[in-house]
Structures are given as C-alpha cells and as structure tokens.
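Peer 1: Next one to model:
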Amino acid sequence: MAKIKIPYSNKRLEVYIPDHNLAAILESKAHTYQAECSQEEIVNRALDHPIGSVPLEELVQGKKNMVIITSDHTRPVPSKVTMPILLKRIRKANPAIKIKILIATGFHRPDTTEEMIQKFGHEIVDHEVIINHLSEDENSVVRVGTLPSGGELWLNKLVMETELLISEGFIEPHFFAGFSGGRKSVLPGVASAKTVMANHCSEFIASEFARTGVIKNNPIHKDMLYAARQAKLAFIFNVVIDSEKNIINAFAGDSELAHAEGCQFVMKLASVKAVKADITITSNGGYPLDQNVYQSVKGMTAAEAACKDGGVIIMVSACNDGHGGQSFYETMANAGSPEEVLHRVMKTGRTETIPDQWEFQILARILHKHTVILVSDLCDPEMIKRMHMQHAFTFDEALKRAFQIKGVDADITVIPDGVSVVVK
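Peer 2: Presented below is the predicted three-dimensional model:
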C-alpha cells in the first residue's frame with residue numbers, strides 16, 4: 001500500500017493507494033529542489049543581477065512616484081519575504097519616492113484587510129498605501145489601445161499615470177496562459193473586466209496552444225505581452241516556490257527576458273510525462289489556491305492530461321470559499337449538462353464573452369470526458385453536485401466510488417499538486 005501526501009487547505013492529507021492499482025506518481029522536481037541559500041539571499045541575488053535591465057535602484061533614481069503590482073489572495077506569492085526587501089532597496093536608492101502597492105485582482109474579488117495582513121504582515125499593511133484593483137469600476141481604468149485579438153485594452157489609471165511601474169509575482173505552470181508571472185500582472189491583473197473577457201474568449205481558450213506550459217503561438221499570451229508593453233512594465237521580480245511555498249529561485253529584470261528565463265527554469269522542474277490511467281487523483285496545491293471551485297479547475301486540467309477518456313478524476317480541494325464566481329456557478333448549475341455549456345460557449349463571439357466564461361468552458365470540457373469527484377469537508381456538497389460533479393467528504397469515500405465506476409483493478413495516476421506540473 002502506497003502512502004501519498006496530498007495538499008489540502010493548510011494541511012496535507014495522507015492517502016493510501018493499493019500497490020497493484022498505482023500506475024504512477026507525477027510530481028514537479030520543484031518540490032525536492034534544494035536551494036543553496038536562504039530565501040532572502042535568493043531574492044537579493046536576483047535583484048543584484050537583473051536580466052536584460054539596469055538594477056532596480058537605477059530605475060528609481062529621479063522618480064517622484066511608482067507603482068508596485070502584486071498578486072492577490074488567490075496566489076501564494078511570499079510577499080512577507082519579497083516586499084520588505086523591494087521596499088528597502090527602493091527607499092535606500094530614493095528615500096523621497098512615493099510608492100503605491102496595487103493588488104492585481106484581475107477578475108477576482110478585492111482582498112480583505114485580513115488577507116492583506118496574512119500576505120504582507122502588519123508592518124506593511126499599517127504603513128504602506130495598498131490599493132485593490134477593481135476590474136468593474138469604469139472610473140478607475142483608462143483605455144490605452146487595442147489588443148492583437150481586437151479587444152479594447154483598458155488598464156488601471158494608477159498604472160498609466162505613474163512614473164515607474166514594476167511588479168512582483170511568481171512563475172508556475174498556468175492552464176491556458178502557459179505560465180503565470182511576468183506580463184500576467186498587467187493582463188488580467190490590473191485590466192478592466194471587458195479587457196479580461198476579450199482576452200479570455202472561447203476561441204482562444206479552445207486553442208491547442210492555450211495550454212499548460214505553452215507560450216509559443218499562444219493567443220492569450222500574445223495579448224498579455226502587448227498589454228504589459230503598453231503599460232510600460234519596466235521591471236519584474238518573479239519567484240519560483242516549492243510545495244511548502246518557500247522560494248527556491250528568483251528572476252528579476254526586463255519583463256519579457258526575465259520572465260522567459262524563469263519559465264525555462266520552471267519547465268525543467270515541472271515537466272512530467274503523462275501516464276494515462278482510469279483514475280487520476282490530484283489537488284490544487286492547498287491554500288491559497290484551493291479556496292474555491294473556480295481556482296480548482298486548474299488542478300483538474302493536470303488530471304485531465306493524465307486520465308483516459310471516460311475515466312474518473314478525484315479532485316482534493318477545500319473550496320471553503322465556495323464556487324468563486326457567480327457567473328461560473330450559475331452557468332454550470334443552470335445547464336442540463338456539460339455538453340450544453342460547451343455548445344453554448346463555442347457559439348459566443350470574441351467580443352461577447354461573459355464573466356467567468358473561460359472557467360466554465362474548461363470545466364465543461366473536462367466533465368464532457370470525465371467524471372469528477374471533488375473531495376472536501378469544508379464546502380456545500382449540493383453546490384458541487386449542482387455543478388455536475390460528485391462530492392465526497394473524505395478521500396476514502398471518493399476512491400471507493402471511483403472503483404465502483406471503473407472497477408477494483410483500475411489503474412491510478414496520482415498528481416499530488418496539479419498546479420505545479422506540466423503533463424506532456
């Protein structure tokens with residue numbers, strides 16, 4: 001009997017898989033990667049040796065104000081480590097500069113004060129100017145161009161009015177943008193709702209290039225690059241983290257060149273060969289990424305890539321914050337079947353995208369070919385069922401049901417952290 005630990009909320013579940021059923025365990029090498037120095041040393045080393053850019057300290061010289069874009073509560077960016085270092089280095093080089101920290105909420109809800117404290121710590125929350133981007137507040141955005149896709153590009157006014165724009169974030173595989181980080185802090189991070197929806201249209205989501213680990217020819221990535229250039233994103237600081245959310249590497253400098261180098265590093269660690277199985281087990285990496293069903297679709301795509309058609313996906317995800325998007329939930333719940341959702345969404349034009357369409361499009365794609373059993377004792381089971389998934393309070397309950405569907409001799413592939421791998 002194989003014992004495997006799977007992230008769930010703020011803990012790890014120990015699950016047991018019979019040896020004769022276990023086909024493979026697919027894990028990112030990031031989880032066993034041993035950094036040579038402390039997190040703080042990694043951060044400072046990256047900032048000391050920027051890629052394709054002058055040092056941050058030179059960029060801030062002579063500037064009166066700047067904006068630092070940072071990730072929101074749904075992303076495990078270790079800002080308690082990174083932000084104090086960034087602020088210290090900036091103010092040492094330019095003590096008088098006025099700094100605003102802009103939380104890149106994208107299409108998500110704003111961060112609460114409690115979530116900000118958890119992310120940054122009391123010191124930063126109490127003494128810095130921190131602003132939530134509000135994608136649906138038309139008064140807070142300004143039009144700055146037209147995306148390559150044809151959609152209107154509207155960005156937060158603070159981004160366009162500041163003398164210097166930089167961002168912090170992290171790089172991990174992303175289920176339709178290829179990788180997170182870099183340009184993604186601008187689009188969708190600080191873009192208007194209409195811009196996000198144009199970029200996340202059904203045509204692009206359905207593209208064979210809009211997949212985990214793919215940037216070349218990715219139409220979504222192309223739009224994001226354009227947005228970052230229009231925003232004049234001058235400098236990025238992106239980290240790579242392990243399963244404990246600790247920094248194992250960092251990349252600083254030019255928004256394209258530093259990000260590209262970071263993506264190459266992540267790909268070397270995250271790439272795993274698919275082992276197709278009747279039952280695939282995965283998670284969304286625990287807190288903060290498994291707070292809702294919306295985010296959990298990401299982990300499901302890793303299982304999708306390693307599951308035989310007609311197979312069962314067991315998704316271990318807390319979803320303590322509910323579904324994560326009203327349109328996402330209502331579209332799934334009000335549809336007679338996942339196929340109905342897919343049929344409707346593929347008839348929706350680029351400029352007619354509705355909120356959360358990309359998420360329910362991908363979930364429906366997965367449910368079209370697979371049975372999904374979501375394991376959680378922290379959410380409403382009826383919500384899960386209304387979204388055309390099955391619910392289980394425990395992993396053992398889910399595995400028993402999966403065996404009932406696929407047979408007791410079904411083979412099983414386990415992906416302990418679905419958002420950390422690129423399944424090929």
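
Peer 1: Could you pull out the strands in the stretch 51-200 of the chain for me?
Peer 2: Counting by DSSP state E, counting those that start in this stretch, the stretch 51-200 of the chain forms strands over residues 65-71, 98-104, 129-132, 141-146, 152-156, 165-170, 173-174, 178-179, given from the N-terminal end onward.

Peer 1: what's the closest of the ones you listed to residue 407?
Peer 2: Distances from residue 407 to each of these were compared by CB to CB, and the smallest falls on strand 173-174, at 31.5 Å. No exception for glycine: its C-beta is placed from N, CA and C like everyone else's.

Peer 1: Sheet partners, orientation included, of that closest one?
Peer 2: When pairing is defined by DSSP bridges, strand 173-174 lines up against strand 178-179 (antiparallel).

Peer 1: Touching the strand it pairs with from outside, list them.
Peer 2: The list of residues contacting strand 178-179 from outside it, by CB atoms under 8 Å, 6 or more residues apart in numbering, reads 171-173, 210-215, 218, 220-221, 259, 262-263, 266.

Peer 1: Nearest to residue 284, out of the strands of the stretch 51-200 of the chain?
Peer 2: With respect to residue 284, and counting by CB to CB, the nearest of the strands of the stretch 51-200 of the chain is strand 173-174 at 12.4 Å.

Peer 1: So for that closest one, mean pLDDT?
Peer 2: Across strand 173-174, pLDDT averages out at 94.

Peer 1: who's in contact with that strand?
Peer 2: Contacts of strand 173-174 (CB under 8 Å, 6+ apart): 179-180, 184, 212-213, 266, 270, 298, 419-422.

Peer 1: among those, which two are most distant?
Peer 2: Of all pairs drawn from the contacts of strand 173-174, the one with the largest separation by CB to CB is 184 and 421; the distance is 18.7 Å.

Peer 1: returning to what we had before: now the buried members of the contacts of strand 178-179.
Peer 2: By neighbour count, with 16 or more other CB atoms under 10 Å, those hold 171-173, 210-215, 218, 220-221, 259, 262-263, 266 as buried.

Peer 1: if you look at those, which of them are in helices?
Peer 2: 220-221, 259, 262-263, 266 (DSSP state H).

Peer 1: Dump these into TSV; add pLDDT as well.
Peer 2: TSV is the format used below for these (pLDDT from 0 to 100):
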residue	pLDDT
220	97
221	97
259	98
262	98
263	98
266	97
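
Peer 1: So which of those is the closest to residue 58?
Peer 2: When these are compared for distance to residue 58 (CB to CB), residue 259 comes out closest, at 19.9 Å.

Peer 1: Touching, that closest one and residue 183? I think so.
Peer 2: Yes - with contacts counted by CB atoms under 8 Å, residue 259 reaches residue 183, the gap being 6.8 Å.

Peer 1: Let me see the mean pLDDT of stretch 270-290.
Peer 2: Averaging pLDDT along stretch 270-290 yields 96.

Peer 1: Okay, now it: how far is its last residue from its first?
Peer 2: Start and end residues of stretch 270-290 are separated by 19 Å (CA to CA, to the nearest Å).

Peer 1: What is the neighbour count of the nearest residue to residue 232 once chain neighbours are set aside?
Peer 2: Using CB to CB, 6 or more residues apart in numbering and skipping the chain neighbours, the partner closest in space to residue 232 is residue 165 (5.9 Å). Counted with other CB atoms under 10 Å, residues neighbouring residue 165 total 26.

Peer 1: Residue 165 pairs with what?
Peer 2: With DSSP bridges as the criterion, the beta-bridge partners of residue 165 are residue 67, residue 233.

Peer 1: can you check the one 4 residues further on too?
Peer 2: In this entry, residue 169 is beta-bridged to residue 238, by DSSP bridges.
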